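quick check, what structure comes out for this input:
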Amino acid sequence: NDQLSRQASSATGSAASTMHVLQRHREILHDFMQEFSKTKHNLKLADERQQLLSSVREDIIEHRSSARSATDTLLRERNAIHNSDRAINEILGQAES
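Presented below is the predicted three-dimensional model:
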């Protein structure tokens with residue numbers, strides 16, 4: 001920018017035309033910088049959203065895993081009680097005979 005300004009001020013010939021081109025370049029640069037800032041902000045938001053969703057998915061998977069673990073524990077407990085009940089009934093059946 002500064003270099004263009006120096007060249008424009010030291011240019012001979014159509015200074016008005018050169019200043020117009022310089023001004024237009026500044027406007028284009030400003031537009032590009034605004035567009036870049038918007039895009040950068042949108043990418044940051046998308047990344048944060050992705051991290052949040054990933055975290056939620058991990059929490060859901062962890063919850064389901066712990067629920068399955070609790071269910072498995074209850075099923076093992078039920079089977080142990082059933083096996084103990086069956087063993088007691090066999091012992092009582094042998095004692096009666």
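
same question for the helix or strand Ile91 falls within, mean pLDDT?
If you go by DSSP states H and E, Ile91 is part of helix 15-96. Mean pLDDT, computed over helix 15-96, is 88.

can you spell out which helices and strands pack onto it?
Packed against helix 15-96 by the contact rule (3 or more Cβ pairs under 8 Å, 6 or more residues apart in numbering; DSSP states H and E) you find helix 2-10. C-beta coordinates here come from the backbone N, C-alpha and C atoms, glycine included.

can you give the distance of the helix holding Ile91 from its chain's centre?
7 Å (Cα atoms, centre = their mean, to the nearest Å).

and the pLDDT at Ala11?
Ala11 is assigned 56 on the pLDDT scale.

do you know how far Arg57 is from His63?
Remark: distance between Arg57 and His63 (Cβ to Cβ, to the nearest Å) = 11 Å.

could you do Glu77 as well?
21 Å.

ok, now Ser54?
Ser54 is 15 Å from His63, by Cβ to Cβ.

again, but for Leu29
Taking Cβ to Cβ, one finds Leu29 at 51 Å from His63.

what's the answer for Arg76, then?
Distance from Arg76 to His63, by Cβ to Cβ: 20 Å.

now do Gln94
In terms of Cβ to Cβ, Gln94 sits 47 Å off from His63.

likewise for Asp85?
To His63, Asp85 is 33 Å away according to Cβ to Cβ.

go on, Lys40?
Distance of Lys40 to His63, given as Cβ to Cβ: 35 Å.

just Asn83 next, same as before
With Cβ to Cβ as the criterion, Asn83 and His63 are 30 Å apart.
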